[in-house]
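*Asks:* Provided below for reference: sequence and predicted model.
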Amino acid sequence: MFGWYNTPMSDSNTTGKESGSKEPNNKKAGGKKAGKHALETLAIHAGSEIDPTTGAVVPPIHLSTTFQRNLDGTFPKDFVYTRADNPNRRALETCLAALEGGAACAAFSSGSAAAAALFRSLSPGDTVLVCDDLYHGVHHILVDILKPWGLNVVFADMTDLDATRDAWVDGVTLVWLETPTNPLVKVSDIAAIAEMAHARGALLAVDGTWTTPAVQRPLELGADFVMHATTKYLGGHSDVLGGALIAKEDSEMFAGVRYIQQIEGAVPSPFDCFLVSRGVRTLPYRMRAHSDNALALAQFLEAHPQVHRVHYPGLESHPGFEIAQRQMAHFGGMLSVQIRGGADAAIAVTNHVQLFSRATSLGGVESLIEHRRSIEGDISTTPDDLLRVSVGLEHPDDLIADLQQALEAVS
């Protein structure tokens, strides 16, 4: 059926690691093994090879869209056409599969394309159970595009296991979970939801964009798939668009995902793959710094009289704090804050910051702040006083001082 697009995964696309452990992550820097080597080592070496032609330690960018056949009609290393496969994409997929402890990875041109490919690997009439607070782009994919196609979509508050059970209906084949959620930073128990899904014959997919494998490892907690918008922390520098889906097992369902990837061609360019691979090399160290900075800002904001509420899983006041402690190595670089005075006051804060940029997206080295409801549109259930903050790698004292003067300006 799949023809030459469905060439077997080479050894470079598998990790050989058995996953399934539900032990909590080791919070010590560099202490968590992800297979044979620690995450910091895998981030640098997985999928990366010394160039055999030049000896370059940085892999070259292979821009060619087509590859010459051997004299016997075969293709060197199974490369035929860049829509189907490319050396840079294969290297990135190998690296991301290793980092997550998965068996296979498919890279896409965006996180939305990766999510959509997984949903469309299902069949019309199937049902997806989805967390009730999720990235608005995924909401649009499910409700505006795939429901008319025939996919049934049910929403549930997955921070509440009883509510999740009550929302369950016959025909659920896939559960889609964000934790922490975007933008309310809700935390759900991945292991408990995985157990619930598997007991009912369903699979679990987790959006790992906010956390990355340096913070949270869904496959080890029982998930079957993890999705990333590689645009964010994996790329890490706000200069590349991409996505990826990593599978715990190289299953028939994942073969369907890869078929969609290769036939439709929503794939990252070789240069995009190179940029994400380069960003991944510093990921474990960046995520520790993002997390440290975000915790410092969250603690400052929680004590400020102009702040109504802070949503950050590293605060003991957060309702998901205990779960976050169990399943997250750090608490991540994302937080949301509600400002007293409603939308006008919240927007005014964004107009007075000097170091923070008023911009959408997250995961870069620079700090961003935005009034989230303004971008989510009519479907938004986000409080109108809420600001979403992507905490960058500037010195935390400077970031706190910037927020301090902005809050004072509107108090």
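*Replies:* On my side now, so go ahead.
*Asks:* which parts of the stretch 251-400 of the chain are strands?
*Replies:* 307-311, 334-339, 357-358, 368-371, 386-390 (DSSP state E, counting those that start in this stretch).
*Asks:* can I get the ones you listed in CSV with distance to Glu408?
*Replies:* Where C-beta positions appear, they are placed from N, C-alpha and C, glycine not excepted. Putting the strands of the stretch 251-400 of the chain into CSV (distance: least, CB to CB, whole Å) gives the following:
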stretch, distance to Glu408
strand 307-311, 12
strand 334-339, 12
strand 357-358, 18
strand 368-371, 16
strand 386-390, 16
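*Asks:* could those go into TSV alongside mean neighbour count, distance to Tyr233 and mean pLDDT?
*Replies:* Putting these into TSV (neighbours: other CB atoms under 10 Å; distance: least, CB to CB, whole Å; pLDDT from 0 to 100) gives the following:
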stretch	mean neighbour count	distance to Tyr233	mean pLDDT
strand 307-311	20	18	98
strand 334-339	25	9	98
strand 357-358	16	17	98
strand 368-371	22	13	97
strand 386-390	25	9	98
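*Asks:* hmm, Val138 and Thr181 touching each other?
*Replies:* No: with contacts defined as CB atoms under 8 Å, Thr181 does not count as touching Val138, sitting 11.0 Å away.
*Asks:* hmm, back to that, go through the strands of the stretch 251-400 of the chain and name the closest to His198.
*Replies:* Closest to His198 of the strands of the stretch 251-400 of the chain, according to CB to CB: strand 334-339, at 28.5 Å.
*Asks:* for that closest one, which helices and strands make contact with it?
*Replies:* helix 283-302, strand 307-311, helix 342-352, strand 386-390 (3 or more CB pairs under 8 Å, 6 or more residues apart in numbering; DSSP states H and E).
*Asks:* which one of these lies closest to Leu92?
*Replies:* helix 283-302 (12.7 Å).
*Asks:* which parts of that closest one are buried?
*Replies:* Neighbour-count burial for helix 283-302 flags 283-284, 286-298, 300-302 (criterion: 16 or more other CB atoms under 10 Å).
*Asks:* with stretch 320-340 instead?
*Replies:* Per 16+ other CB under 10 Å, stretch 320-340 contains these buried residues: 320, 323-325, 327-340.
*Asks:* and it, how far apart are its ends?
*Replies:* One end of stretch 320-340 sits 23 Å from the other (CA to CA, to the nearest Å).
*Asks:* ok, now how distant is the residue most central in space within the chain from Ala116?
*Replies:* Centrality entry for the chain: nearest residue to the mean C-alpha point is Thr209, 1.7 Å, by CA atoms, centre = their mean. Using CB to CB, to the nearest Å, Thr209 is found at 15 Å from Ala116.
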